[in-house]
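>>> From the sequence below, what's the structure:
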Amino acid sequence: MSGGQSITAEPPAVRAPPAAAGGRNWRGYLVALGFLAPALILLGVWIVYPTVKTIIRSFYDRDGSDFVWFGNYRAIFESDVIVTAIKNNRSGSRSCRRS
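Predicted coordinates for the structure are as follows:
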């Protein structure tokens, strides 16, 4: 082999593609958005919307016609059965931490 050429086959050096205008790669953002959009839509439809709707609905009476503010919560926490259940739960969780 004369002429100073190498025997190994090396690929030619390839330059990096030029940066997009402004230094931003919008195509990369669009690809990421394409993958995230279905998950975000399903999350909104099946998790976020029902949660918000339930919280709003909890401020209305049983029929949903009268806005009662915190009346439903007051009725829950004034009930002896619920207060006892909360106390039992709290004492049960304390006993679990000791062991």
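>>> mind checking the SS state of residue 16?
Assigned with DSSP: H, G, I helix; E, B strand; the rest coil, residue 16 falls in the coil class.
>>> number of nearby residues for it?
Residue 16: 5 surrounding residues under other Cβ atoms under 10 Å. Heads up, the C-betas are built off the backbone N, CA and C, glycines and all.
>>> I'd like the numbering to begin with 6 instead of 1 from here.
All right, first residue 6 from here; so that's residue 21.
>>> Give me the local confidence score for residue 95.
We have a pLDDT of 84 for residue 95.
>>> Got the phi and psi for it?
Main-chain dihedrals, residue 95, degrees, to the nearest 10: phi -60, psi -40.
>>> Please tell me how far it sits from residue 83.
According to Cβ to Cβ, to the nearest Å, residue 95 stands 18 Å off from residue 83.
>>> what about residue 77, which SS state?
Residue 77 is classified as helix under three-state DSSP.
>>> Could you double-check that it lies in contact with residue 59?
No - at 11.9 Å, residue 77 does not count as touching residue 59 under the criterion of Cβ atoms under 8 Å.
>>> what's the helix or strand for the most centrally placed residue in the chain?
Of all residues in the chain, the one closest to the mean position by Cα atoms, centre = their mean is residue 48, 7.4 Å from it. If you go by DSSP states H and E, residue 48 is part of helix 31-48.
>>> Pull the distance from that helix to the chain's centre.
Computed by Cα atoms, centre = their mean, to the nearest Å, the separation of helix 31-48 from the middle of its chain amounts to 14 Å.
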